[in-house]
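Asks: Okay, sequence plus prediction incoming.
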Amino acid sequence: MTPRAALERGLEELELALPAHVHDQLIAYVALLAKWNRSYNLTAIREPQAMVRQHLLDSLAVLPHLPLAEENGRLADAESGAGLPGIPLALARPQWHVALIESNQKKTAFLRQATIELGMKNIEVHEGRVEAWRPASLFSLVISRAFAELAEFVASCRHLVAPAGTLAAMKGKRPSAELNRLPPGVRCKSDVRLRTPHLDAERHLILCDLTT
């Protein structure tokens, strides 16, 4: 199966209807990631078809569950790495403003080049540690696919969240122990078990509000 066929079948299973030009952009992103990966080691996944399954579809599976307004939503992707899930989400929702926050210089170089080559006007790239960034405007949603611990994610990112905003953590197995270690002032309102096409692995999305 080609990467494009895997993408189109996966989007159909997710019931995500995206314009044809977004399909083109997503495949172009995978090609760019595979190219840069040979020199910059951005991801352990090497094959484009596997990137579609384990990166694109895994990122897009959260889209129906994100509590973000259809228009003018503001999303930050903390420790974005190679742009996951931020770039797929920004391509799928061009009306959102998406900030990619990454401390690694080589990865931010890739993120900047990717946004240029993909023609994305709704992305900003911030190079630096997430806990040190003080943006001019806060975000309705802060998401991460990379933090190891929920408590660390909350501690590092809570200052980025607007009032009534949400922290969203993408996890594998349900992080029961991590949920028990969350600090006071955090309420995890939703634990969504995700279904990722072509991926035989458990996935969860944890949505948390700040109560203080």
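Replies: Alright, I've got the coordinates.

Asks: I'd assumed W96 was in contact with A90.
Replies: Yes. Counting by Cβ atoms under 8 Å, A90 touches W96, with 6.4 Å between them. Yep, even glycine has a C-beta here, placed from its N, CA and C like the rest.

Asks: Tell me the residues that contact both of those two, please.
Replies: L75, N122 (Cβ atoms under 8 Å, 6 or more residues apart in numbering).

Asks: Looking at those two now, which is surrounded by more residues?
Replies: Taking other Cβ atoms under 10 Å, A90 and W96 do not tie; A90 has more neighbours (25 against 22).

Asks: Excluding residues flanking it in the chain, which one is nearest that one?
Replies: V98 (4.0 Å; Cβ to Cβ, 6 or more residues apart in numbering).

Asks: and that neighbour, what element?
Replies: strand 97-102 (DSSP states H and E).

Asks: tell me what the helix or strand following that strand is packed against?
Replies: Beyond strand 97-102 on the C-terminal side, the first helix or strand identified by DSSP H and E is helix 105-117. Contacts defined by 3 or more Cβ pairs under 8 Å, 6 or more residues apart in numbering; DSSP states H and E place helix 105-117 against helix 20-40, helix 86-92, strand 97-102, strand 123-127.

Asks: Can you list the buried residues in helix 105-117?
Replies: Neighbour-count burial for helix 105-117, counted by 16 or more other Cβ atoms under 10 Å, picks out K107, T108, F110, L111, A114, T115.

Asks: still on that earlier bit, tell me if I'm right that the residue nearest to A90 and A78 touch.
Replies: No. Contact criterion Cβ under 8 Å: V98 and A78 do not qualify, at 11.7 Å.

Asks: What helices and strands are in contact with the longest strand belonging to the chain?
Replies: Ordering each strand of the chain by length in residues (DSSP state E) puts strand 161-171 first. Judged by 3+ Cβ pairs under 8 Å, 6+ apart, the packing partners of strand 161-171 are strand 139-144, helix 150-157, strand 203-210.

Asks: Quick check: buried residues in it?
Replies: Result for strand 161-171 [16+ other Cβ under 10 Å]: buried residues V161, G165, T166, L167, A168, A169, M170, K171.
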